[in-house]
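Engineer: next comes the sequence, and after it the predicted model I'd like to discuss.
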Amino acid sequence: MVFASLTFLLVFFPISLLVYLICPNLALKNFVLIVSSIIFYSWGEPVWIFLLLLTTIMDFQMAKLIEKYIDHSKSKLYLYISIALSLGALIFFKYGIFIVENFNFITGLNIQYPKLDMPIGISFYTFQSISYMVDVYNGKVKSERSYSKYLLFISLFHQLIAGPIVRYTDIAKEISSRSVTWSDISYGVDRFAKGLFKKVFFANTAALLVGSCLDRDLTTLTIVEGVLGLIMFAIQLYYDFSGYSDMAIGMGRMIGFTYCENFNYPYASKSIKEFWSRWHISLGTFLKDYLFNPIAFKRKKWGKFAIIYSLLITFFVSGLWHGASWNFVFWGLYFALLIILEEWFLNRILQKLGTWAQHLYLILAVVFSYTFFYFVDFSKMKTFLGVLFNGNTPFYNAEIITELLNHGIWLLFAVFFLFPWGDQIVKYFIKLFKINSSFVFAVKSLINLSLICIAISLLVAKSYNPFLYFRF
Amino acid sequence: MKNKLIIFNVIAPFVLIIGIMLGTFFSNKESISELEKRKLAILPELTLNNWMSGIFSSSVEDYLSDHVICRNSFITLSDNCKELYNFKLISPVNPESDGVLVKIKTTRKSKMNEGMQPPKDVPNSRALLLDTNQELVSTEGIYIYDSCAYQFFGGSKNSASRYAKSINTIISSLSDSIRVYALLVPSSTEFFLPKDKYKGKSKSEEANINYVYSKLSPKIRTTNIYNRLASHNREYLYFKTDHHWTARGAYYAYLEFSGTAGFVPTPLSEMKPTFMKSSFLGSLYALTRHLSLKGNPDRIEYFDKNFNGAKAYFKMKPSENWKKTQIVNKKGEYGIGYGVFLGIDYPIMKIEGSVKNGRNLMVIKDSYANAFIPFLVAHFEKIFVADIRYFPYKITSFVKDNRVNEVLIMNHVVTANSPFSSNKLIKLIK
């Protein structure tokens, strides 16, 4: 099930929340959350719920063993086994075909690998369980004694399929004891409405434009279509992903969980390094804490090269996490290379040129990076780059101008809200006109209602499907 | 005060969502959407198999979106919202100089197979309709100009040849004594949309029609209605929100056809032109839901004179008996739109005219002929109307058994150029 669906909005979410609120004590509330999460996860692809349950049982037991032998080498062994099992499942389902295809390519063999559907959310919950295991090993957290609480941590439907990658240390206390105020729920409603609108109004519309620009015969593309396609993809990715994160954070707050922030206006960054501290923050910090730092620490004798080495590995893994294909690896390494260049000399030059140059560089570099992200097929990627840079491509055509005009206002808003200008302008006017906070709150409430109404209407309208040629 | 507002901020969205949920659960459910011309989704059965395969979950989403309470209001809100996407907000459209291309995207292809008509006992027709649609979608959508909707034409010499070849094949299977006519109908785009609006986007229908005619067997008498329609382009010849022509457009085609078929047409002054009271929004509005079309609905004009005394019958399949129907349905049993003419597209219709002249005509057609056929009733003893999509007989034996001595093949140029039409024509002799 996805958040931006009528099934979730009109049936699952209100019913699960009402049942949750009716429950008199925390144990029952947690039970309702687990049952809700299992229904949520098994909606559409029920078979993978068994994998999720199996993984959680294994990790739950392993964590206890890691803790039991904490001062013994066995602890490390159990840690490795548990990480291997978690990653093993991820590799088996997500990377199996990719590995076998590359192996076949190198060796000339023709080994067949079964085509498997990937269990939803496996990339997220695998990282969550690894972080838990490592934190138990490092003594940062006590292993969970109750399986149901551990299952709740992993399966909580708010963040199960699209993040943020919540760490056990972040919500361990809240699983056992949490309270909610009206303000918390109100904040949750704000975030949920905002996230839903981001996803349905901005991301879904951008996706249509991406499709009309890039899912076609690329040899007939104009420069404006190519660039607009990439810009739309940048808009789609941000609103889609950050919208889901907002909804997750909002739903968490409604019932007393505080999840980590996942996006902080990444396109307002001035460097790639800053971009990655604002984009998918929970993944970035996970990779930093559990991959980059340990590797850099281990290779500290190498000096600067330890950083470069760690950076390349971290972004290699980051790319691969986004998808089992070499284009994602290139995408990751492209960012690693840019960070290395920034640290070497690029930042100094850009700083001298001024803030606007830094922003412009960031936007160009990130938007261009989506060429590697979007085109999984290398021949298409090559055609696309060829069309953009061969010098003979027409600059624009009438269709794309019509498309731009048809979406002009939408595009202005979509770009505007990529940056923190909205918040800044609102704060400025509140201060300037000394607007009463109650009035601001009332307006915000009405905006929330409007956003939800518009999102539902857009979801309903997707079903509108007239059948023209039933009578020619 | 602020505390009350916080509570309002929490309660209001939940009341809204729960209200929609309860309203959806307990409201009466429609089974058909008149505007979309399709069946609405039904609630799937909750079985283990449906659950495990994911059919149940995807069907629930379809069901909810088809039956959500106030669905039309939500769709209208969505339309209004999308209207704000473009620059019209800050620069109002000048209907004399601006237009907008509305791209048509199908979100749920499976739904297209559930088109409301033809009736369920006509095999495979829906899947084949999908083929037709796919070709037409290549014309990139519906162009809205001056509050009227237009389709762009994507036909080529290849598609025209294919259609002509199909007709030639059919005719070669018929007796030489049978007189055969062909009539292709152009779209409103050719006459009402300024050329600069579709230059490079839509191909010439006039050239395509002429090309088809040039490829037809010399045995076939063609009727070119292009110039006649062009000379009346200040009149209401085509609907503004529907992809069909009006009865008046069909009347001018009838005038031209009279010369080919050899009868004296009834003058317009004797036709008793009448407008139905209600207005309607047609298929192109249904596709685009463009607000400028909504503000410019169509009306049906019909002519009473020629079918006085004539009787019409239809059959859904050969084993059935003939059932009565109407040539022009003024009561609007099939809606107040184009369905007024001959009702729905029956697989086969028989019209017994008021004259006894031994002329038995068979019209092999798509829905463009529906507004045209009523004019012929005064000139033929019998008219058999065969819809190329669903006609359940072998044409050669049908012609022989019913003593048909004249055949008219009539299509809209857009459908004529689709592989679907050519294929269906060929199947008429198999």
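Structural biologist: Okay, I see it. Residues are numbered from 1 along each chain as shown, chains lettered A, B, ... in the order given.

Engineer: what residue ranges in the stretch 151-300 of chain B are flagged as low confidence?
Structural biologist: B:196-200 (pLDDT under 70).

Engineer: any chance you could map the strands in it?
Structural biologist: B:179-185, B:220-223, B:273-280, B:298-303 (DSSP state E, counting those that start in this stretch).

Engineer: what sits against the residue lying closest to B:S188 once chain neighbours are set aside?
Structural biologist: Nearest residue to B:S188 in three dimensions, chain neighbours excluded: B:Y238, at 3.5 Å (CB to CB, 6 or more residues apart in numbering or on different chains). For every residue, glycine as well, the C-beta is placed using N, CA and C. By CB atoms under 8 Å, 6 or more residues apart in numbering or on different chains, the residues touching B:Y238 are B:187-188, B:191-192, B:244-246, B:249.

Engineer: only whichever of those are buried, select them in ChimeraX.
Structural biologist: ChimeraX command restricting the contacts of B:Y238 to the buried ones, with burial defined by 16 or more other CB atoms under 10 Å in any protein chain shown:
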select /B:187,188,191,192,244,245,246,249
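
Engineer: centre-most residue in chain A?
Structural biologist: Centroid-nearest residue in chain A: A:F241, 4.7 Å away (criterion: CA atoms, centre = their mean).

Engineer: wait, isn't it in contact with A:F263?
Structural biologist: Yes: taking contacts as CB atoms under 8 Å, A:F241 lies within contact range of A:F263: 7.1 Å.

Engineer: common neighbours of these two, please.
Structural biologist: Residues touching both A:F241 and A:F263 (CB under 8 Å, 6+ apart): A:H280.

Engineer: how is the chain carved up into domains?
Structural biologist: You didn't pick a chain, so chain A it is. Chain A breaks down by automatic domain parsing into domains covering A:6-178, A:185-416.

Engineer: right idea, wrong chain: chain B
Structural biologist: According to automatic domain parsing, the domains of chain B span B:13-85, B:125-427.

Engineer: which of the strands of the stretch 151-300 of chain B sits closest to chain A?
Structural biologist: Among the strands of the stretch 151-300 of chain B, the nearest to chain A by CB to the nearest CB is strand B:179-185 (10.7 Å).

Engineer: so what does that closest one touch, helix or strand wise?
Structural biologist: helix B:205-215, strand B:220-223, helix B:247-261, strand B:406-412, helix B:413-416 (3 or more CB pairs under 8 Å, 6 or more residues apart in numbering or on different chains; DSSP states H and E).

Engineer: tell me which of the ones you listed is the most buried.
Structural biologist: Among the helices and strands packed on strand B:179-185, helix B:413-416 has the highest mean neighbour count (mean count of other CB atoms under 10 Å in any protein chain shown), at a mean of 27.

Engineer: quick one: mean pLDDT for that helix?
Structural biologist: Across helix B:413-416, pLDDT averages out at 88.

Engineer: so which elements touch the helix or strand that it is followed by?
Structural biologist: The C-terminal neighbour of helix B:413-416 among helices and strands, as given by DSSP states H and E, is helix B:419-427. Packing partners of helix B:419-427 (3+ CB pairs under 8 Å, 6+ apart): helix B:125-137, helix B:157-172.

Engineer: now the angle from helix B:419-427 to strand B:406-412?
Structural biologist: Here helix B:419-427 runs at an angle of 170 degrees relative to strand B:406-412 (axes from the mean of the first three to the mean of the last three CA atoms, to 10 degrees).

Engineer: in helix B:419-427, what counts as buried?
Structural biologist: With the criterion 16+ other CB under 10 Å, helix B:419-427 contains buried residues B:419-422, B:424-425, B:427.

Engineer: CA atoms only: put that helix into CSV for me.
Structural biologist: In CSV, the C-alpha atoms belonging to helix B:419-427 read as follows (Å, rounded to 0.1, in the frame of the first residue of the first chain):
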residue,chain,number,x,y,z
PRO,B,419,-5.7,-0.6,-39.0
PHE,B,420,-8.7,-1.6,-36.9
SER,B,421,-11.2,-0.5,-39.5
SER,B,422,-9.3,-2.1,-42.4
ASN,B,423,-9.1,-5.4,-40.5
LYS,B,424,-12.7,-5.3,-39.6
LEU,B,425,-13.7,-4.6,-43.2
ILE,B,426,-11.8,-7.6,-44.4
LYS,B,427,-13.4,-9.8,-41.7
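
Engineer: that helix to helix B:157-172, inter-axis angle?
Structural biologist: For helix B:419-427 against helix B:157-172, the angle between stretch directions is 20 degrees (the same axes, to 10 degrees).

Engineer: and helix B:419-427, how far out from the chain's middle?
Structural biologist: The chain centre lies 17 Å from the centre of helix B:419-427; the measure is CA atoms, centre = their mean, to the nearest Å.

Engineer: per-residue confidence averaged over it?
Structural biologist: 82.

Engineer: what of stretch B:71-86?
Structural biologist: Stretch B:71-86 shows a mean pLDDT of 81.

Engineer: mind pulling up the pLDDT for B:N133?
Structural biologist: Looking at B:N133, its pLDDT is 32.

Engineer: and what of A:W321?
Structural biologist: Looking at A:W321, the pLDDT reads 91.

Engineer: ok, it touching A:S123?
Structural biologist: Yes: look at A:W321 against A:S123 with CB under 8 Å: they come within range, at 6.1 Å.

Engineer: quick one: find the helix or strand in chain A with the lowest mean pLDDT.
Structural biologist: Of the helices and strands making up chain A, the lowest-confidence element is helix A:398-406, at a mean of 75, by mean pLDDT, DSSP states H and E.

Engineer: the next helix or strand after that helix packs against which elements?
Structural biologist: Sequence order places helix A:408-416 as the next helix or strand after helix A:398-406, per DSSP H and E. If you count contacts as 3+ CB pairs under 8 Å, 6+ apart, helix A:408-416 packs onto helix A:204-214, helix A:223-254.

Engineer: most tightly packed of those?
Structural biologist: In terms of average neighbour count - mean count of other CB under 10 Å - the standout among the helices and strands packed on helix A:408-416 is helix A:223-254, at a mean of 23.

Engineer: quick check: mean pLDDT across that helix?
Structural biologist: 93.

Engineer: name the helices or strands packed onto that helix?
Structural biologist: With contacts defined as 3+ CB pairs under 8 Å, 6+ apart, helix A:223-254 has these neighbours: helix A:182-197, helix A:204-214, helix A:355-374, helix A:378-389, helix A:398-406, helix A:408-416.

Engineer: give the buried residues for the helix or strand that comes right after that helix.
Structural biologist: Elements were assigned by DSSP H and E; along the chain past helix A:223-254, the next helix or strand is helix A:272-278. If you call a residue buried by 16+ other CB under 10 Å, then helix A:272-278 has these buried ones: A:272, A:274-276, A:278.

Engineer: just give me the closest of these to A:C453.
Structural biologist: Set against A:C453, the nearest of the buried residues of helix A:272-278 by CB to CB is A:R278 (30.5 Å).

Engineer: and that closest one, how far from A:S318?
Structural biologist: Counting by CB to CB, to the nearest Å, the gap from A:R278 to A:S318 is 15 Å.

Engineer: just A:K352 next, same as before
Structural biologist: Distance from A:K352 to A:S318, by CB to CB: 30 Å.
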